[in-house]
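J.: no sequence for this one, just the structure:
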């Protein structure tokens, strides 16, 4: 089974999909097929999982392909910049899915009230 992380916040879903697959050495034999699937979905085309290694079938299941196609077209930082609603950005330095750079990109894209503290009470009080 391939290891895959959800979209990184601050990064396009397609880029995150690629990055998380490439980050795991155990996926080496799957990368060509996974990259092809990501390319097709990014272009708005569905992929035939019968032609893929079985380990990728659940990641690119036909039932989720419409969601992947639509989410690959979105840029979270662009969406954050456009919203007038409050945005909560959580990131841990050891987070494997949301890097510090991803969180910083989101932070820079939106007008945010910032709470930066290691003290839980500071965050809960705002």
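T.: Yes, it's here. Being a predicted model, the structure only gives us computed values, none of them experimental. Numbers count the residues shown, from 1 in each chain.
J.: pLDDT on the biggest helix by length in the chain, on average?
T.: Longest helix in the chain by number of residues, with DSSP state H as the criterion: helix 31-42. Across helix 31-42, pLDDT averages out at 92.
J.: cool, and stretch 82-93?
T.: Stretch 82-93 comes out at a mean pLDDT of 79.
J.: Please apply the same query to stretch 108-126.
T.: On average, stretch 108-126 scores 61.
J.: same thing with stretch 58-67?
T.: 94.
J.: Give the buried residues for stretch 71-90.
T.: Applying a neighbour-count criterion of 16 or more other C-beta atoms under 10 Å, one finds 71-72, 76-77, 80, 87, 89 buried in stretch 71-90. In this view, the C-beta of every residue, glycine as well, is placed from N, C-alpha and C.
J.: ok, those vs residue 33, which is closest?
T.: residue 72 (16.9 Å; C-beta to C-beta).
J.: sorry, back to before: if we look at the longest helix of the chain, which residues are touching it?
T.: For helix 31-42, contacts defined as C-beta atoms under 8 Å, 6 or more residues apart in numbering pick out 2, 14, 17-18, 21-22, 27, 46-47, 52-53, 56, 59-60, 65, 68-69, 72-73.
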